[in-house]
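Undergrad: mind looking at a prediction? Sequence and model below.
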2 protein chains.
Amino acid sequence: MPMSAAIPRRTLHDELVDRLRHMIIEGDLAPGEKLSEKDLCGHFDVSRTPLREALKILAKDGLVRLIPNRGATVAKLTLADLEEAFPVMGALEAVSGELACLHITDAEIMRIAKLHDEMVDNFRAGELGAYFQRNERIHQLILDAARNPTLSEMQRGLSGRIRRARYMANMSAERWAEAVAEHEAILDALKARDGARLGKLLKAHLANKLQTVRDALVE
Amino acid sequence: MPMSAAIPRRTLHDELVDRLRHMIIEGDLAPGEKLSEKDLCGHFDVSRTPLREALKILAKDGLVRLIPNRGATVAKLTLADLEEAFPVMGALEAVSGELACLHITDAEIMRIAKLHDEMVDNFRAGELGAYFQRNERIHQLILDAARNPTLSEMQRGLSGRIRRARYMANMSAERWAEAVAEHEAILDALKARDGARLGKLLKAHLANKLQTVRDALVE
DNA sequence: ATAATGAATATTGTATTCAAAATTCAAGTC
DNA sequence: GACTTGAATTTTGAATACAATATTCATTAT
């Protein structure tokens, strides 16, 4: 019996963490919104115990703000948060680029190249939603190629905080074209397995992305 | 009424997180050790609710390993963990050095210089414990000078995982002398506010430290 | 003797209850 | 009318109770 057939079981709080995180990142729960334990328990039909455990985890992730005896709110994304996250994310992006080049397989590069082409098609067709999805998928695959769960987890946590601003960042046409061009360069570096170059490109790409978010944030 | 006189109140789970983290890092709880909820509740005289919340936080920090329906154990520090944490910590060290040079005040530099001198005295007197304490304090102050809570929090989390190995890492006399020399260079870069240089020095210093831990880990 | 089975026990996951603090809001004061 | 004051209500923090799962261990069969 070679194949593992273990039945994946999840606890309620784990499930709640995922669902709440998703709701926050997708904007179903607005920044600053009060998170009433009672309401959320009603919504998910669970008791307060697992819900509260989930809220604490999300607070540690920076998505929720917990104030003792006053409950939870969805964390706001301020300009200061962005400025703070930026140097950290930049450093992590650079590392992930370097590590990815060390470990990535040809098959993985092909997969990314395919996604990239599809993403460019999305760009040409002006399909922003599909573009975003493939874009994110590409970045995720590069991160996976770094073969470093600790790094992935940190990136995931940080980008989760910022991804919330994604939909508000109404990318200009020029910025969008630039982003696509940056992705071309990223793919080239990846194919060449040039870690240092890829790291720098990813960092620069991030800087531009954050600038877009920043612009949107100051309205 | 300018002075804030708010009475700091803590919740039990926050307190528990701190105490358990301390116990794990200081080795009071051994790696791999089973963490019985019942026993811990008895030890701290609290109910399971806040204790379980604390365990989940620590699991997210990587200090505790939670398996559904099977309870918690103190996370083991493996060679793989170390190799994984290294590039991430290196990148963060470099950033913290750069940011610290941008923001640090003269008073802060003087404070660090003073601690440094005391630490060198500890080294000369062979006082390992006092040396470690001042050493850690210095690194903490540099991190504080970076004025970036996100960065601090991440560094704290990662170094917490590794600091557990501190007592097992029986630093050789040569390595100790090297570390002191590295600290001299670090202080110089800080005084010169040369961020790039400080970043590189901190990263190299970390690499050496991790090498010591690695040596101890493979016995 | 060893391995397998299943009842007894212990431990974990979740719900509920109780206690403490914050919020709301109506009544009273300046 | 705006600002306190304090009781009623709501909400949160922690403890307990209950349910589900895992572990232990004696029993049985091979």
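TA: Received the coordinates, thanks.
Undergrad: show me what contacts the residue lying closest to A:V218 once chain neighbours are set aside?
TA: Nearest residue to A:V218, sequence neighbours excluded (Cβ to Cβ, 6 or more residues apart in numbering or on different chains): A:L79, at 6.7 Å. C-betas here are computed from N, CA, C, even on glycine. Applying Cβ atoms under 8 Å, 6 or more residues apart in numbering or on different chains to A:L79 gives the contacts A:214, A:217-218.
Undergrad: switch to 10 Å and redo it
TA: A:213-214, A:217-218 (Cβ atoms under 10 Å, 6 or more residues apart in numbering or on different chains).
Undergrad: again with A:I109
TA: A:I109 neighbours (Cβ under 10 Å, 6+ apart): A:100-101, A:141-142, A:145, A:187, A:190-191, A:193.
Undergrad: what pLDDT does A:S4 get?
TA: Looking at A:S4, its pLDDT reads 56.
Undergrad: give me the below-cutoff pLDDT ranges for chain A.
TA: By pLDDT under 70, the low-scoring segments of chain A are A:1-6, A:166-169, A:219.
Undergrad: for it, longest helix please?
TA: helix A:79-103 (DSSP state H).
Undergrad: report the angle between that helix and helix B:79-103.
TA: 140 degrees (axes from the mean of the first three to the mean of the last three Cα atoms, to 10 degrees).
Undergrad: quick check: buried residues in helix A:79-103?
TA: A:81-82, A:84-101 (16 or more other Cβ atoms under 10 Å in any protein chain shown).
Undergrad: A:L128: neighbour count?
TA: Here the count is done by other Cβ atoms under 10 Å in any protein chain shown, and A:L128 has 14 residues near it.
Undergrad: so it sits right up against A:M119, yeah?
TA: No: A:L128 lies out of contact with A:M119 (Cβ atoms under 10 Å); the separation is 11.2 Å.
Undergrad: what count of nearby residues applies to A:L158?
TA: Counted with other Cβ under 10 Å, A:L158 comes out at 20.
Undergrad: cool, the one 3 residues further on as well?
TA: Using other Cβ under 10 Å, A:R161 has 20 neighbouring residues.
Undergrad: identify the residues contacting it.
TA: A:24-25, A:61-63, A:75, A:77, A:81-82, A:85, A:89, B:150.
Undergrad: quick check, it in a strand?
TA: No: A:R161 is assigned helix when assessed by DSSP: H, G, I helix; E, B strand; the rest coil, not a strand.
Undergrad: quick check: it vs A:P31, distance?
TA: Separation of A:R161 from A:P31 (Cβ to Cβ, to the nearest Å) stands at 10 Å.
Undergrad: and for the two, which residues touch both?
TA: Shared contacts of A:R161 and A:P31 (Cβ under 10 Å, 6+ apart): A:24, A:63, A:75, A:77.
Undergrad: ok, of those, which one's closest to A:E182?
TA: A:L77 (23.1 Å; Cβ to Cβ).
Undergrad: ok, that closest one - contacts?
TA: A:31-32, A:62-63, A:85, A:161-165, A:168, A:213, A:217.
Undergrad: ramachandran angles for it?
TA: phi -100, psi 110 (degrees, to the nearest 10).
Undergrad: A:L35 now?
TA: Torsion angles, degrees, to the nearest 10, at A:L35: phi -110, psi 100.
Undergrad: list the contacts of it.
TA: By Cβ under 10 Å, 6+ apart, the neighbours of A:L35 are A:20, A:24, A:29, A:51, A:55, A:58, A:64-66, A:71-74.
Undergrad: quick check: the closest residue to chain B within chain A vs A:I104, distance?
TA: Proximity to chain B, evaluated over chain A using Cβ to the nearest Cβ, is greatest for A:A91 at 4.1 Å. Using Cβ to Cβ, A:A91 is found at 20 Å from A:I104.
Undergrad: please apply the same query to A:R164.
TA: The gap separating A:R164 from A:I104 is 29 Å, by Cβ to Cβ.
Undergrad: contact residues of chain A facing DNA strand C?
TA: A:11-13, A:46-50, A:69-70 (Cβ under 7 Å from any atom of the strand).
Undergrad: so which of these reach chain B?
TA: Filtering those for proximity to chain B (criterion: Cβ under 10 Å from any Cβ of the partner chain) leaves A:11, A:13, A:48-50, A:69.
Undergrad: of those residues, which is the most crowded?
TA: Neighbour-wise, those (other Cβ under 10 Å) top out at A:H13, 22 neighbours.
Undergrad: on that earlier part again, show me the contacts of A:L79 that map onto helices.
TA: A:213-214, A:217.
Undergrad: now, which of these sits nearest DNA strand C?
TA: Nearest to DNA strand C among the ones in helices among the contacts of A:L79, counting by Cβ to the nearest atom of the strand, is A:L217 at 26.9 Å.
Undergrad: could you find the closest non-adjacent residue to the closest one?
TA: Using Cβ to Cβ, 6+ apart and skipping the chain neighbours, the partner closest in space to A:L217 is A:L79 (5.6 Å).
Undergrad: and that neighbour, how far is that from DNA strand D?
TA: The gap separating A:L79 from DNA strand D is 27 Å, by Cβ to the nearest atom of the strand, to the nearest Å.
Undergrad: now swap in A:K56 and tell me
TA: 9 Å.
Undergrad: quick revisit: filter the contacts of A:L35 down to the ones in helices?
TA: Using DSSP H, the contacts of A:L35 in helices are A:20, A:24, A:51, A:55, A:58.
Undergrad: what two of the residues you listed are the furthest from one another?
TA: For the ones in helices among the contacts of A:L35, the maximum inter-member distance is 14.2 Å, found between A:I24 and A:L51 (Cβ to Cβ).
Undergrad: sticking with the residue nearest to A:G90 when sequence neighbours are not counted, tell me its helix or strand.
TA: Of all residues not flanking A:G90 in the chain, A:K203 sits nearest, at 4.7 Å (Cβ to Cβ, 6+ apart). In the assignment (DSSP states H and E), A:K203 maps to helix A:195-217.
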